[in-house]
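**Student:** pasting a predicted model and its sequence here:
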There are 2 protein chains.
Amino acid sequence: MALIVQKFGGTSVGTSERIQSVADKVQGFREQGHDIVVVVSAMSGETNRLVALAQSMQAEPSPREMDVLLSTGEQVTMALLSMALIERGCPAVSYTGSQVAIVTDDVHTKARITHIGTERILNDLRHGRVVVVAGFQGRDEQGNITTLGRGGSDTTAVALAAALKADECQIYTDVDGVYTTDPRVVQDARRLDRITFEEMLEMASQGSKVLQLRAVEFAGKYNVNLRVLHTFQDGPGTLITLDEGSAMESPVVSGIAFNRDEAKLTIKGVPDVPGVATRILGPISKASIEVDMIVQNAAEDNTADFTFTVHRNDYRRAVAVVEQIVADLDARGYEGDTKIAKVSIVGVGMRSHVGVANQMFEALAEEGINIQIISTSEIKVAVVIAEKYLELAVRALHTVFELDREPIDDEGV
Amino acid sequence: MALIVQKFGGTSVGTSERIQSVADKVQGFREQGHDIVVVVSAMSGETNRLVALAQSMQAEPSPREMDVLLSTGEQVTMALLSMALIERGCPAVSYTGSQVAIVTDDVHTKARITHIGTERILNDLRHGRVVVVAGFQGRDEQGNITTLGRGGSDTTAVALAAALKADECQIYTDVDGVYTTDPRVVQDARRLDRITFEEMLEMASQGSKVLQLRAVEFAGKYNVNLRVLHTFQDGPGTLITLDEGSAMESPVVSGIAFNRDEAKLTIKGVPDVPGVATRILGPISKASIEVDMIVQNAAEDNTADFTFTVHRNDYRRAVAVVEQIVADLDARGYEGDTKIAKVSIVGVGMRSHVGVANQMFEALAEEGINIQIISTSEIKVAVVIAEKYLELAVRALHTVFELDREPIDDEGV
């Protein structure tokens, strides 16, 4: 007898048949005696259809009207799912973000939730109804429709779970949980029963795409038990939860994340004087280009090499800015490389174990893989290597940190 | 410098290109200095698509959820039209029925408007914005989404025009106005510059489909100047307005309406005693079958023949009820006829002219057309005839009442 918020994404509700399956699933939970709030996305393909319509009207559609338009996507799904539930004899009622009310700021197309009304939902739950809520959308203080941007439905689910003090927030996806690393790269990759918010955040920010960063942050902040599950396969999924201080028993490294999304730029022979970093990163940031890793190496001649990575999509624009910087700073020149990859080991266990980074570097060296950039946090070590070594590196690290072995106490923590 | 409410139906906004054309039209009015509120329907085809989705969930979809679903149709159109206007440099903002607020009762799928908030719209107009409002929808007192049923967008437009005290409510359609009769039947049919609410109501209820009955009633009640125009052809259309007491100058008959939608049933030899009409119409009405015309003829043997018409779609069901009634009343039997048509002459001028009905009967007799049922109101005479004579009858009446001739004072009234 728990209060559960369940979120089903666009693929899970992509066809009439799938909505029917979701209804079966929801009804099953309800028959176990649980109170259920369901958050739905637009049916897959619907958002693209609407965006195409918008672009046939306006090259850059008005953000306010775009939100009005896109918010219809979830509204269709929520009505259909409610009908499917009612057809099964399961009382259900659907609400838009405005109706709930999910109140946001007024930044259209990427609004942030400021407040959630719970009275209406709690009243329906008391009356035995399943409440179906449109994900991704809300309204501002003036009643204008807003949307939360990418991954917004995950955020809606987590925020609702927090506001309703739900026992669990279940995110249904097309994977059956969070893995030690991508199973397409490492065959022995293992589903994790648990992972901490911090680890999940690092995994997500390093390229593991299971959950949106913002939803995980939100869940961590409000201590919402978050579970990732497969929509159409039964299984326990992965519970994302607080670090309960059991790091002593936990494995040192919980997972390996990687991505091929970045490109590297090195400005060579810049004057090694205070303020030079700003004179390089200022113009880059002004061009709305986000920088991930940054390294500066001083040389003996009072010059330095300055290296940073950007998203590959921004590479061309970044090169144009860098050419100007080289001229302005009278630097020796620049080099660019788009054939890089980032590999990260993540784990709260690192906090209490020394030498983890070194163990990583050794493993890569043994495979003859050169490390180009290193970046560390308390629970993560990330390295940039040549893209061609990516799979080799991930497999080697997966073995070295024994991620293929079931930890003895994992299930029981 | 007027305040104009303009309504564009599903065909007028059926494609991106058409929405662009509507935007051109609206912008043109705004450039003339008018304040414009636009009411839009769902793009043609969209409602059918949504209904099909609903029926794939539930054989008889939940009315509340159906309203949630269908209301997305207009929401899509209103966002797209706003974008198209903004793209033309014309400030625009769109609102759902809930946002306006168009408050209705809670009868889902056929709600009635109880109140309209105007503050928000008036504020936008003051700021020089075109306001685009979703037709067909509102919300009940509890904030649940409702829809107004068939022709609801016309009603929204008229209700908004009344609430805003607009100078005119323009209904854009695929015809360029109200005609003396259907131009497909009578080549000389003439567009009317003006028609009164009462005439329009009779025309509509007798089968002329230009406007929804409810919208005309509403316009009459609140004295909203209603104009019917063609979306994609320029022209003055037809103004539907109050009877300004100019009937003396007006033509006697303004138009001829007709339909082939009805079927006739006669119960023969029922006992001619008080209460027999109720014993016949009671069971018919209980079966939710609507009866239009009713005639009872007493015979000499203390029995009577009882005749009534129903919609052809209800004919089979009506026959089943009638068979039971014949048995219950011990009547002599029944006859049915689906090959009938109804022809009506309509005009406020009838009030001050005697003998109009007789003129009609004479004209039909001259063509050898037998009249089966007659029904009259203050400004209408309707007759049922054999369906095969329909065109002949309409043409004869159109000539007899000189509807092909432009009235001298029509334009200037």
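**Tutor:** Everything's here; your move.

**Student:** for chain B, what's the nearest residue on the stretch 301-413 of chain A?
**Tutor:** Nearest residue of the stretch 301-413 of chain A to chain B, counting by CB to the nearest CB: A:Asn313, 25.9 Å away. Yep, even glycine has a C-beta here, placed from its N, CA and C like the rest.

**Student:** doesn't that residue fall inside a strand?
**Tutor:** No - counting by DSSP: H, G, I helix; E, B strand; the rest coil, A:Asn313 is not part of a strand but helix.

**Student:** how many neighbours does it have?
**Tutor:** A:Asn313 is flanked by 11 other residues according to other CB atoms under 10 Å in any protein chain shown.

**Student:** give the contact list for it.
**Tutor:** For A:Asn313, no residue meets the contact criterion (CB atoms under 8 Å, 6 or more residues apart in numbering or on different chains).

**Student:** roughly how far apart are it and A:Val210?
**Tutor:** Separation of A:Asn313 from A:Val210 (CB to CB, to the nearest Å): 22 Å.

**Student:** ok, now A:Ser254?
**Tutor:** A:Ser254 is 13 Å from A:Val210, where distance means CB to CB.

**Student:** between those two, who's got more neighbours?
**Tutor:** More crowded of A:Ser254 and A:Val210, by other CB under 10 Å: A:Ser254, with 28 against 20.

**Student:** would you map the strands across the stretch 201-350 of chain A?
**Tutor:** Along the stretch 201-350 of chain A, counting by DSSP state E, counting those that start in this stretch, strands occupy A:226-230, A:238-241, A:255-259, A:262-271, A:291-298, A:303-311, A:333-337, A:340-346.

**Student:** residues in contact with the first one: which ones?
**Tutor:** Read it as strand A:226-230. Defining contact as CB under 8 Å, 6+ apart, one finds that strand A:226-230 is touched by A:158, A:161, A:168-178, A:197, A:200, A:210-211, A:215-216, A:219, A:235-241.

**Student:** so which residue of the stretch 101-250 of chain A comes closest to chain B?
**Tutor:** Of the residues in the stretch 101-250 of chain A, the one nearest chain B is A:Gly143, at a distance of 5.7 Å by CB to the nearest CB.

**Student:** how about that residue, secondary structure?
**Tutor:** Strictly by three-state DSSP, A:Gly143 counts as coil.

**Student:** ok, it - contacts?
**Tutor:** Neighbours of A:Gly143 in contact, by CB under 8 Å, 6+ apart: A:Ser98, B:Gln99.

**Student:** separation between it and B:Leu329?
**Tutor:** A:Gly143 is 60 Å from B:Leu329, where distance means CB to CB.

**Student:** got the domain boundaries for chain A?
**Tutor:** Domain assignment for chain A by automatic domain parsing gives A:3-173, A:262-340, A:341-400.

**Student:** got the end-to-end distance for the last one?
**Tutor:** Domain A:341-400 has an end-to-end distance of 20 Å (criterion: CA to CA, to the nearest Å).

**Student:** next up, phi/psi of A:Lys165, please.
**Tutor:** The phi/psi pair for A:Lys165 (degrees, to the nearest 10) reads phi 50, psi 50.

**Student:** wait, which of the domains of chain A is closest to A:Leu192?
**Tutor:** domain A:341-400 (10.7 Å; CB to CB).

**Student:** and A:Glu300, how many neighbours?
**Tutor:** The tally of other residues near A:Glu300 (other CB under 10 Å) stands at 6.

**Student:** gap between it and A:Ile280?
**Tutor:** Applying CB to CB to A:Glu300 and A:Ile280 gives a distance of 21 Å.

**Student:** next: A:Tyr172.
**Tutor:** For A:Tyr172, the distance to A:Ile280 equals 44 Å [CB to CB].

**Student:** what comes up buried for stretch A:252-269?
**Tutor:** Across stretch A:252-269, burial judged by 16 or more other CB atoms under 10 Å in any protein chain shown covers A:252-259, A:262-269.

**Student:** now do stretch A:147-158
**Tutor:** By neighbour count on 16+ other CB under 10 Å, the buried set for stretch A:147-158 is A:Thr147, A:Leu148, A:Gly149, A:Gly151, A:Gly152, A:Ser153, A:Asp154, A:Thr155, A:Thr156, A:Ala157, A:Val158.

**Student:** up against chain B, what does chain A have?
**Tutor:** Counting by CB under 8 Å from any CB of the partner chain, chain A comes close to chain B at A:16, A:19-20, A:50, A:53-54, A:56-59, A:61-62, A:64-66, A:68-69, A:71-72, A:75-76, A:78-84, A:86-87, A:92-94, A:96, A:98-99, A:143-145.

**Student:** filter these down to the buried ones, ChimeraX style.
**Tutor:** Provided next is the ChimeraX selection string for whichever of the residues of chain A next to chain B are buried by 16+ other CB under 10 Å:
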select /A:16,19,20,50,53,54,56,57,58,61,62,64,65,66,68,69,71,72,75,76,78,79,80,81,82,83,84,86,87,92,93,94,96,98,99,144,145
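
**Student:** which members of the residues of chain A next to chain B occur in helices, if any?
**Tutor:** Members of the residues of chain A next to chain B lying in helices (criterion: DSSP state H): A:16, A:19-20, A:50, A:53-54, A:56-57, A:64-66, A:68-69, A:71-72, A:75-76, A:78-84, A:86-87, A:98-99.

**Student:** now for the buried residues of stretch A:147-158: which two are most distant?
**Tutor:** Most distant of those, by CB to CB, are A:Thr147 and A:Val158, 16.2 Å apart.

**Student:** where does pLDDT dip in the stretch 101-250 of chain A?
**Tutor:** The stretch 101-250 of chain A contains residues with pLDDT under 70 at A:207-208, A:244-250.

**Student:** quick one: the helices in it?
**Tutor:** Counting by DSSP state H, counting those that start in this stretch, the stretch 101-250 of chain A has helices at residues A:119-126, A:152-164, A:197-205, A:213-221.

**Student:** which of those helices sits most buried?
**Tutor:** Mean neighbours per residue, mean count of other CB atoms under 10 Å in any protein chain shown, is largest over those for helix A:152-164, with a mean of 27.
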